[in-house]
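1. Here you go, sequence then predicted model.
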Amino acid sequence: MNLALLTTQFSQIGQILISLILVISVLAGALGMLNAASKQPVAIQHAQLMLLLINLLFLVGFALICWLHYRIYLTLPLQLPKEMVPWLNQEIGTMNATSAYAFPLFDPSHPPRYIIPLWVENEKYYFWFMCYAIMAFLAFRRSSSHRLQGTLLIFAAAQALILFTAANPFNDPLPKFFSEIRAWFSGGLNPMQQFGEFMRIYPKMIFYYNTPYMWLHPPMLFLSYSAITITFITSGFMLLQRDFEIETLGYDYAKFGYFMLTLGMLLGYPWALQAWGPNWWWDPKICSSIMMWAIYSTFLHTRLYANKRSMWYFTSILGILCFVAMVFTFVSSFYFPGEHTFQ
Amino acid sequence: MIGAQHVMTHKKTSYDFFLILATVVVLAIISGICVYGMFYFKFAQLQNMAPAIKGAYMERMNQIVSPFIIALIVILAICVPKRLLPTGWLNRFALVLLLLIGVVVWFWGVVMALKVALCVTLVLQCLVLVLALAGNQRLNFEKKGYWLRVGSSCMHLGLILFILDLFFYKQQTLHLALFWVCTVATVLGMIGCFYSPYLAEIMVRRRRDGQ
């Protein structure tokens, strides 16, 4: 199958899905606003059904993303003429001799293929917001407060709006990836150019797209970000009322979020050593991640004493601060330069 | 300790409370230093600088943060034996530890003192873990529950190992081996600490099925 046709089909189906997600989310968000403002629950069963539908659509879209990635794996091997292989492997061998981490040698019978993780480029927002939608649904079912349920819906609607307007993964699928490989797959390269191009895209394939860490580190952080969002909402409610049911709900998500954040950060460590060498400590993103982890740890420690009135409010403020730190950490990837930058 | 609060109960202000407050203050200062580092990196345009300048920046940040890492280590070193000792003995232990650190700083320098403090903490934490695994009821935990105690001990062991491992940064094989031990300990610790009721339930069910 032609890749252009493949991405076109992917875009067409994806656009329909994301439009449906947006429409239902906006309706659910409106219902959420009504519930958040009202003293009595308003059509809460319908709201739950809408949230379920949003989740199902998200999952179908995610399956579509999986399909595109699988097609890329099948259709885009980095093939080289056989006569170039000994020379290339000699060069790779020389590089490996002076490097702590080795590149695999080129095997013409099994040319390297892209195993692109499902959370690169705009897909990361899709994954993140899908995780939030699933967690919001679970929290919705557990909660008996219609105001909290309404707020969960408002956040889902806001995320769907961001996804549709600013981070749509179906609009222009994987633009950076396709621009990186365009020269290689356009053909017409002489052997010297082909070698140069291979050496340009191969390290990124090995240390970025195909590394197992890429399948662990980012999704864990996005799961954590989604859980922090739920904790943020419950912390906001804790500032307004001393409701232990809401507090327990927020704490359950905080535990899960902390688990994912800690493990995700830890798993990023050996990867950073491998991909960047030693010169990445105190990189802005590392700084902000440590800050976020420190605030999160503080939140969980102060929660031990949340039975004291002052500590109840202090814990709630820290829960809100965790979310602010998370947004700051994520946005910092755009504003601050460094190894993690999205600039 | 983080997970030792599945059901909130009333607690009086205690030694534990002040240790937690001290931890909170130190973590807040470390957060502030991190924010400073981010803006410094941006405005000094370090990404475009030579590796030597980047190295100098990392060294400077290490120096700024080190007193607070020392404070965190000292708090850890006091936190760990509180599981084993009553308050009176804990005060004596803290005093002896501070004296020991002072002596080591005087003769061998700050880095060696930190290593000593961490090694003492590590040995004590291993002891706490062994006792928790053995189900010893005399350990001073805020909450009861076998898995919670084992998890909390394991998680704090992971944290101590992580800090200790930073000293072996240049010995890559040892550094990475210790790192993976720390990661496993932290993960098992978090599972035990955060999900102890579920673990206890699974164990009870398995025991029941086995009978």
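-> Okay, I see it.
2. Close to chain B: what parts of the stretch 101-250 of chain A are there?
-> Residues of the stretch 101-250 of chain A found near chain B (Cβ under 8 Å from any Cβ of the partner chain) are A:F244, A:E247. Using the backbone N, CA and C atoms, a C-beta is placed for each residue, glycine as well.
3. which residues of the stretch 101-250 of chain A fall in helices?
-> Secondary structure of the stretch 101-250 of chain A (DSSP state H, counting those that start in this stretch): helices at A:123-142, A:146-166, A:175-186, A:191-204, A:217-240, A:244-276.
4. Just send the ones you listed back as TSV, with distance to B:T183, mean pLDDT and mean neighbour count too.
-> TSV is the format used below for the helices of the stretch 101-250 of chain A (distance: least, Cβ to Cβ, whole Å; pLDDT from 0 to 100; neighbours: other Cβ atoms under 10 Å in any protein chain shown):
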stretch	distance to B:T183	mean pLDDT	mean neighbour count
helix A:123-142	22	95	21
helix A:146-166	31	94	21
helix A:175-186	30	87	14
helix A:191-204	26	86	15
helix A:217-240	12	94	22
helix A:244-276	5	89	20
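5. mind checking which of those is nearest A:A97?
-> Set against A:A97 and scored by Cβ to Cβ, the helices of the stretch 101-250 of chain A come closest in helix A:191-204, at 15.9 Å.
6. Taking helix A:175-186 as reference, get the angle to the closest one.
-> Orientation note: helix A:191-204 sits at an angle of 150 degrees relative to helix A:175-186 (axes from the mean of the first three to the mean of the last three Cα atoms, to 10 degrees).
7. returning to what we had before: nearest to B:L133, of the helices of the stretch 101-250 of chain A?
-> helix A:244-276 (21.4 Å).
8. Give me the next element, helix or strand, following that closest one.
-> Following helix A:244-276 in sequence order, the next helix or strand is helix A:284-302 (DSSP states H and E).
9. Briefly note if that following helix comes near chain B.
-> Yes - against chain B, helix A:284-302 shows contacts by Cβ under 8 Å from any Cβ at A:P284, A:C287, A:S288, A:I290, A:M291, A:A294, A:I295, A:S297, A:T298, A:L300, A:H301, A:T302.
10. helices or strands up against that helix?
-> Contacts defined by 3 or more Cβ pairs under 8 Å, 6 or more residues apart in numbering or on different chains; DSSP states H and E place helix A:284-302 against helix A:244-276, helix A:309-335, helix B:15-43.
11. Those helices: which one's closest to A:L163?
-> The nearest among the helices and strands packed on helix A:284-302, by Cβ to Cβ, is helix A:309-335 at 14.5 Å.
12. Present the helices and strands packed on helix A:284-302 as a markdown table; the columns should include distance to A:W67.
-> Formatted as a markdown table, the helices and strands packed on helix A:284-302 follow (distance: least, Cβ to Cβ, whole Å):
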| stretch | distance to A:W67 |
| --- | --- |
| helix A:244-276 | 26 |
| helix A:309-335 | 28 |
| helix B:15-43 | 39 |
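13. Just give me the neighbour total for B:A134.
-> For B:A134, the count of nearby residues is 9 (other Cβ atoms under 10 Å in any protein chain shown).
14. circling back to that earlier point, out of the helices and strands packed on helix A:284-302, which comes closest to A:I16?
-> Closest approach to A:I16 among those (Cβ to Cβ): helix A:309-335, 28.5 Å.
15. Rounded mean pLDDT for that closest one, please.
-> Mean pLDDT, helix A:309-335: 88.
16. Number of residues surrounding B:I101?
-> By the criterion of other Cβ under 10 Å, B:I101 has 21 neighbours.
17. With the flanking residues excluded, which residue is spatially nearest to it?
-> Computed as Cβ to Cβ, 6 or more residues apart in numbering or on different chains, the closest residue to B:I101 that is not its neighbour in sequence is B:A113, at 4.8 Å.
18. now the residue nearest the centre of chain A: how far from A:Y202?
-> The residue lying closest to the centre of chain A (Cα atoms, centre = their mean) is A:K124, at 3.6 Å. Look at A:K124 and A:Y202: by Cβ to Cβ, to the nearest Å, they are 23 Å apart.
19. For the residue in the stretch 51-200 of chain A that chain B sits nearest to, which three-state class applies?
-> Residue nearest to chain B within the stretch 51-200 of chain A: A:A100 (7.0 Å; Cβ to the nearest Cβ). Judged by DSSP: H, G, I helix; E, B strand; the rest coil, the three-state class of A:A100 is coil.
20. which non-adjacent residue is nearest it?
-> B:Q172 (7.0 Å).
21. How many residues are close by the one you found?
-> Going by other Cβ under 10 Å, the residues that sit close to B:Q172 add up to 12.
22. As CSV, the helices of the stretch 101-250 of chain A with distance to B:G102 would be great.
-> Shown next, in CSV, are the helices of the stretch 101-250 of chain A (distance: least, Cβ to Cβ, whole Å):
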stretch, distance to B:G102
helix A:123-142, 49
helix A:146-166, 52
helix A:175-186, 55
helix A:191-204, 50
helix A:217-240, 40
helix A:244-276, 33
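23. Torsion angles phi and psi at the residue of the stretch 51-200 of chain A closest to chain B?
-> phi -70, psi -30 (degrees, to the nearest 10).
24. Just list the residues touching it, thanks.
-> A:Q274, A:G277, B:Q172 (Cβ atoms under 8 Å, 6 or more residues apart in numbering or on different chains).
25. Let's have those residues in TSV, adding distance to B:V120.
-> Below are the contacts of A:A100 laid out as TSV (distance: Cβ to Cβ, whole Å):
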residue	distance to B:V120
A:Q274	33
A:G277	33
B:Q172	26
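26. now the nearest residue to A:A139 once chain neighbours are set aside: how far from A:A158?
-> Nearest residue to A:A139, sequence neighbours excluded (Cβ to Cβ, 6+ apart): A:I230, at 5.4 Å. Using Cβ to Cβ, we find A:I230 at a distance of 14 Å from A:A158.
27. so which of the helices and strands packed on helix A:284-302 comes closest to A:F10?
-> Of all the helices and strands packed on helix A:284-302, helix A:309-335 comes closest under Cβ to Cβ, at 26.0 Å.
28. Buried ones in the closest one, by neighbour count?
-> Under the neighbour-count criterion of 16 or more other Cβ atoms under 10 Å in any protein chain shown, helix A:309-335 has A:311-312, A:314-316, A:318-323, A:325-326, A:328-330, A:332 buried.
29. Report the entries of the residues you listed that also contact chain B.
-> A:A325, A:S332.
30. Only the buried subset of the residues of helix A:284-302 next to chain B, as a ChimeraX command please.
-> Typed into ChimeraX, the line below selects the buried ones among those, using 16+ other Cβ under 10 Å:
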select /A:284,287,288,290,291,294,295,297,298,300,301,302
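31. where does chain B dip in pLDDT?
-> Chain B contains residues with pLDDT under 70 at B:1-15, B:87, B:141-143, B:211.
32. which residues sit in contact with B:M61?
-> By Cβ under 8 Å, 6+ apart, the residues touching B:M61 are A:W281, A:W282, B:I33, B:G37.
33. Among those, which one sits closest to A:H146?
-> Proximity of the contacts of B:M61 to A:H146 (Cβ to Cβ) peaks at B:I33, which lies at 42.9 Å.
34. The closest one: neighbouring residues, count only.
-> For B:I33, using other Cβ under 10 Å, the count is 19.
35. give the contact list for it.
-> Here B:I33 is in contact with B:M61, B:I64, B:V65, B:F68 (Cβ under 8 Å, 6+ apart).
36. residues touching the nearest residue to B:F17 once chain neighbours are set aside, list them.
-> Sequence neighbours aside, A:Y305 is the residue nearest to B:F17 in space, at 6.2 Å (criterion: Cβ to Cβ, 6+ apart). Residues near A:Y305 by Cβ under 8 Å, 6+ apart: A:M311, A:T315, B:K11, B:F17, B:I20.
37. Likewise for A:Y209?
-> By Cβ under 8 Å, 6+ apart, the residues touching A:Y209 are A:Y114, A:I115, A:I116, A:P117, A:V120, A:F177.
38. please redo it, this time with the cut-off set to 7 Å
-> Contact partners of A:Y209, counting by Cβ atoms under 7 Å, 6 or more residues apart in numbering or on different chains, are A:Y114, A:I115, A:I116.
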